[in-house]
Every structure is written in structure tokens, then in C-alpha cells.
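Asks: Generate a structure from the sequence data that follows.
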Amino acid sequence: MLQHTVRATRVVIGIVLIILGALLSLPFVPGPGLLLVFGGLTVLSSEFEWARRWRAYLHDQFRRLTHRRSDMADEKDHLGDKLRDKERGEEESYFKKREKEALEKLRQKKAPDATEAPGEPGRK
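Replies: Numbers count the residues shown, from 1 in each chain. This is a model prediction of the structure:
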């Protein structure tokens, strides 16, 4: 008799967890809905083969999705590196241009002074 009570309790707990998880998985409803569904399937998998299959399927899908996400993260980092290299190159060319302009201004200021006689600064 106790064995049947324990089994019935497991079934009821599993079904309640799945129902709560389904309700909490609805859009705009905060909460760990998918975790509750997975927990309910875990409880029911000790009693039913269909629950074991669903749990294994969801577990495989979760692993597949998380593996793909890590590949996307690597690709995103690669693109970020390219953007940083491009920005660095643009920054270097900007500062080279500014340095060139500053040197040209200094040369132009220095050019009128070169017409003066050496050794007599300020006299013409």
C-alpha cells in the first residue's frame, strides 16, 4: 500500500510541476517556467518511459543550443577584434595627418626666419 502511495505522490508532484512550469513559461510571466517543466519531467521519468524520452530530448536540445551559442560568441569576438583593428588604423592615420600638419606649420614659421642673416637675429 505504501508503495502505491509513493508512486501516486510522485505522479501528482510531477504533473503539478509541469503545469506550473507551463503557466510560468507563458510570455510576460516572470519565473523559472522551463526549469519547473524539466523538474516535473525528471520526477515523472522515474515512473514513465515517455517522460524519460522527453527529458532526454530536452536535455539534448539544451546542449545543442548552448554549444551553438558559444560558437556565436567566438564569432562575435572575432568581429569585435576586426572592428578594434579598423578603429586603431583610423586613429593612427588621423594622428599621422595631424602630426604632418603640425610639422608643416612649424616649417612655415621657420622659413621666414631663415631669410635673416646668420649671427644677427632680429636685424635685416
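Asks: Just the element for Gly80, please.
Replies: Following DSSP states H and E, one finds Gly80 within helix 49-114.
Asks: how far does that helix sit from the chain's center?
Replies: Between the centre of helix 49-114 and the centre of its host chain there is 13 Å, according to CA atoms, centre = their mean, to the nearest Å.
Asks: repeat for stretch 31-40
Replies: 24 Å.
Asks: Please enumerate residues in contact with that stretch?
Replies: Stretch 31-40 is contacted from outside by 13-26, 55, 58, using CB atoms under 8 Å, 6 or more residues apart in numbering. Bear in mind the C-beta positions are built from the backbone N, C-alpha and C, glycine included.
Asks: Show me the shaky parts of the chain.
Replies: Applying pLDDT under 70 to the chain flags the ranges 29-30, 68-77, 113-124.
Asks: from the contacts of stretch 31-40, which would you call buried?
Replies: Neighbour counting by 16 or more other CB atoms under 10 Å classes Gly14, Leu17, Ile18, Leu20, Gly21, Leu24, Arg55 among the contacts of stretch 31-40 as buried.
Asks: residues touching the third one, list them.
Replies: It refers to Ile18. Ile18 makes contacts with Leu36, Val37, Gly40, Leu41, Leu44, as judged by CB under 8 Å, 6+ apart.
Asks: Out of these, grab the one that's most surrounded.
Replies: For the contacts of Ile18, the largest neighbour count, defined by other CB atoms under 10 Å, is 24 neighbours, found at Leu41.
Asks: Work out for me the element that residue sits within.
Replies: Here Leu41, judged by DSSP H and E, is contained in helix 33-45.
Asks: Let's see that helix as CSV, backbone CA atoms only.
Replies: Taking Å, rounded to 0.1, in the frame of the first residue of the first chain, the C-alpha atoms of helix 33-45 are listed here in CSV:
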residue,chain,number,x,y,z
GLY,A,33,8.9,28.0,-16.0
LEU,A,34,11.2,25.8,-18.2
LEU,A,35,13.1,24.7,-15.1
LEU,A,36,9.9,23.6,-13.5
VAL,A,37,8.8,21.7,-16.6
PHE,A,38,12.2,19.9,-16.7
GLY,A,39,11.9,19.2,-12.9
GLY,A,40,8.4,17.7,-13.4
LEU,A,41,9.7,15.5,-16.3
THR,A,42,12.6,14.4,-14.0
VAL,A,43,10.1,13.3,-11.3
LEU,A,44,7.8,11.6,-13.8
SER,A,45,10.7,9.9,-15.6
